[in-house]
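K.L.:
Requesting a structural model of the entry that follows:
(one chain, ligands or ions: 1)
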Amino acid sequence: MSSAVSQRHVLLRTLDYLRPYWGLLVVSALCSMVVGAMDGAFAYLVEPVLKKIFAGKDTGIFLLVPIGIIALFVLRGICRFTYDTTIKLAGQKAIQDIRNDLYGSTIRKDMAFYNRQATGELMSRMTNDIGMMQDGMANVVCGLFRDLISFLSLLVVIFYRNWQLAILCFIVLPVTIYPAQLIGKKIKNAARRSLDVMGGIGSILQETFSGIKVIKAFGLETRVIERFRTENLAFLNQYKRFIKYESLAMPVSEMIISLGIAAVVYLGGSQVLSGRMSASELFSFIAAMIMLFNPVKKLQGSWNVVQRSSGGAERVFQLMDAQRLIVDKDATVELARVSGRVELHEVSFSYGDEPVLQNISLSVEPGRMVALVGPSGGGKSTLAALLMRFYDVSSGAILLDGHDLRAISLESLNRQFALVDQETTLFNDTIANNIRYGWTDASDAEVEAAARAAFAHDFILELPEGYATNIGDRGVRLSGGQRQRICIARAILKNAPILILDEATSALDTESEKMVQQALDNLMLNRTTFVIAHRLSTVLHADTIVVLEKGRIVECGSHADLVEGSGLYSRLHALQFSDQPVKGDAASA
Ligand SMILES: Nc1ncnc2c1ncn2[C@@H]1O[C@H](COP(=O)(O)OP(=O)(O)OP(=O)(O)O)[C@@H](O)[C@H]1O
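P.N.:
Just a heads-up that it's a prediction; the model follows:
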């Protein structure tokens, strides 16, 4: 797509968001017509007023003029107020819709997308880029109607007064357009680049605020401040270009316009001196012409703002349109609750070029517990991610109750899984609502029952407002074990037939681990469960233990079978259950 086409496409797409608010636009357009037409009326009236008062000595009109001026300005004021409020409201509503669409489409993107995008960059697009679009929407849509109408009405006046001089003005106008276009393009590029840098600043903010503990623990404050300063300076440098081009636009067009004014004053003056035009006509012409350049300048200014905001709009729509690889396209199966039979047939997968899983075949009966163990980087979490269809397999197939995952609608697939991992993601909301994230319609009694089963009820009651206590940003007021039990309650409430526990107890001390393990035992009842664990003690009673190494299943069986053998599992077991110091990769299993 050429840049002109893409620019037009971005503009039309932005304006399309205004369509639902056409009622407000019509009111605003009508009022702006009145305001714009009045500019022409004022310029036109200069001539008769001057002639009647000064040449004709008409005292009646002398008294009427001030009253007329006040009346016209009151009318103009009312129209302008209505025009401004309605158009700004329409623009704001459209921006709100764009923001909703952007958030909606971003949150639905698949995990592969989130692997590529820094969180801070995404946040920056939601705020800064849309903010820039908002400027454009307010400025352009607001100014466009009024300035166009004002321009047209003044045009009529200058042509009516003296068409030869009017043509002269028109020779000057196109001359101003070329530099305006050139500067507009520079502004757009500078805006895009400064938004890119702002995205980088967003990333730093997100990383450093969410990793503040590590920064403090390692005393990295000076280093991150330095990194922030560097990025912030890069932003300033980009922004300087932007300031330069934007500030250049007006003086350049004014200088060119002054040529037109000088020519008109010279030629018009000589026509007055030679008696071919009256002085009042020339005044009326000059008034209209000076007033005419005002909307022209404003339209040019609006053009620059369009350029700037289309830099933001391009990035916003680019994000909105980013392709999802995981889609419902071929989904024909709408699953009710599955029994929980999971089969993997020759599954291979890679994130990029390197294979991460190779030829994995596995069959799990409903209600069974499968442990995934093995050295770090062996592919355990990746396998769990494939089960939930965070990614599609590169080859082979995963079946759930006999259905290929790719044939199942994403929503119904999602209902079959509950995930508890070590991240214990909690939201800035009440305890009850955090548990309800698993099932938003749950009653208070159901929330409490889930909390009891997760061994969370007692500590929740000790909190200042019980279930209504707001746990604060990222659950900082709760211990690791307490947070984990809330996540387990959430999973219990979701009541999904398949459960994935990814290192759910690894971050806990022995005391909390015991409690959380009891909660997990409740959660695992009658569900097919996949447990990823480094500590083998937590998976001894699994029905099947799958040992993954370098993306392949190297062993598979019960603890009793595997521990007797001489394979990787028995070596890992010996390492973990002996007093020997733990070394190397295998030790992390
Ligand atoms: N999002 C990703 N993008 C690219 N490569 C990835 C991604 N996630 C994991 N990998 C790579 O895939 C391989 C398997 O990683 P995975 O996290 O599945 O292993 P794991 O067995 O769960 O490891 P650990 O026990 O350390 O959690 C590793 O080499 C890892 O670097």
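
K.L.:
Would you mark the buried spots in stretch 448-462?
P.N.:
By 16 or more other C-beta atoms under 10 Å, the buried positions in stretch 448-462 come out as 448-457, 459-460. (Each C-beta comes from the backbone N, C-alpha and C, glycine too.)

K.L.:
would you turn these into JSON lines with distance to residue 250 and pLDDT?
P.N.:
Output for the buried residues of stretch 448-462, formatted as JSON lines (distance: C-beta to C-beta, whole Å; pLDDT from 0 to 100):
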{"residue": "448", "distance to residue 250": "66", "pLDDT": "92"}
{"residue": "449", "distance to residue 250": "68", "pLDDT": "90"}
{"residue": "450", "distance to residue 250": "64", "pLDDT": "89"}
{"residue": "451", "distance to residue 250": "64", "pLDDT": "90"}
{"residue": "452", "distance to residue 250": "69", "pLDDT": "88"}
{"residue": "453", "distance to residue 250": "69", "pLDDT": "85"}
{"residue": "454", "distance to residue 250": "65", "pLDDT": "84"}
{"residue": "455", "distance to residue 250": "68", "pLDDT": "86"}
{"residue": "456", "distance to residue 250": "63", "pLDDT": "87"}
{"residue": "457", "distance to residue 250": "67", "pLDDT": "90"}
{"residue": "459", "distance to residue 250": "64", "pLDDT": "88"}
{"residue": "460", "distance to residue 250": "62", "pLDDT": "90"}
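
K.L.:
Now the two most distant members of those.
P.N.:
449 and 459 (16.1 Å; C-beta to C-beta).

K.L.:
can you list the residues of the stretch 251-400 of the chain near the ligand?
P.N.:
Residues of the stretch 251-400 of the chain lying close to the ligand by C-beta under 6 Å from any ligand atom are 351, 356, 376-382.

K.L.:
what does the protein put close to the ligand?
P.N.:
115, 351, 356, 376-382.

K.L.:
Now, of those, which are buried?
P.N.:
Buried among the residues of the chain next to the ligand by 16+ other C-beta under 10 Å: 356, 378-382.

K.L.:
Run through who's touching stretch 393-405.
P.N.:
333, 335, 338-350, 355, 359-361, 386-387, 389, 392, 406, 408, 413, 416, 498 (C-beta atoms under 8 Å, 6 or more residues apart in numbering).

K.L.:
how about it: buried residues?
P.N.:
Buried-residue list, stretch 393-405, by 16+ other C-beta under 10 Å: 393, 396, 398-401, 403, 405.

K.L.:
just stretch 347-358 next, same as before
P.N.:
The neighbour-count check on stretch 347-358 (16+ other C-beta under 10 Å) flags 347-349, 355-358 as buried.

K.L.:
Export those as JSON lines, with columns for pLDDT, distance to residue 297 and secondary structure.
P.N.:
Formatted as JSON lines, the buried residues of stretch 347-358 follow (pLDDT from 0 to 100; distance: C-beta to C-beta, whole Å; DSSP: H, G, I helix; E, B strand; the rest coil):
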{"residue": "347", "pLDDT": "95", "distance to residue 297": "65", "secondary structure": "strand"}
{"residue": "348", "pLDDT": "95", "distance to residue 297": "64", "secondary structure": "strand"}
{"residue": "349", "pLDDT": "95", "distance to residue 297": "59", "secondary structure": "strand"}
{"residue": "355", "pLDDT": "92", "distance to residue 297": "62", "secondary structure": "strand"}
{"residue": "356", "pLDDT": "94", "distance to residue 297": "60", "secondary structure": "strand"}
{"residue": "357", "pLDDT": "95", "distance to residue 297": "63", "secondary structure": "strand"}
{"residue": "358", "pLDDT": "94", "distance to residue 297": "67", "secondary structure": "strand"}
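
K.L.:
and of the residues you listed, the nearest to the ligand?
P.N.:
The closest of the buried residues of stretch 347-358 to the ligand turns out to be residue 356 (C-beta to the nearest ligand atom; 4.1 Å).

K.L.:
ok, back up a step: put together TSV for the buried ones among the residues of the chain next to the ligand, with distance to residue 277 and secondary structure on each row.
P.N.:
Formatted as TSV, these follow (distance: C-beta to C-beta, whole Å; DSSP: H, G, I helix; E, B strand; the rest coil):
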residue	distance to residue 277	secondary structure
356	84	strand
378	92	coil
379	88	coil
380	90	helix
381	85	helix
382	84	helix
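
K.L.:
so which of these comes closest to residue 464?
P.N.:
residue 381 (36.7 Å).

K.L.:
got a list of what the residue in the stretch 51-200 of the chain positioned nearest to the ligand touches?
P.N.:
Nearest residue of the stretch 51-200 of the chain to the ligand (C-beta to the nearest ligand atom) works out as residue 115 at 4.3 Å. Residue 115 makes contact with residue 351, according to C-beta under 8 Å, 6+ apart.

K.L.:
Ok, residue 454 next?
P.N.:
485-486, 488-489, 492, 519, 522-523.

K.L.:
Please flag which of these sit within helices.
P.N.:
Mapping the contacts of residue 454 onto helices (DSSP state H) picks out 485-486, 488-489, 492, 519, 522-523.

K.L.:
where does the stretch 151-300 of the chain have low pLDDT?
P.N.:
Low-confidence segments of the stretch 151-300 of the chain (pLDDT under 70): 172-174, 176.

K.L.:
which stretches of it form helices?
P.N.:
For the stretch 151-300 of the chain, applying DSSP state H, counting those that start in this stretch gives helices covering 163-210, 212-217, 221-273, 279-321.
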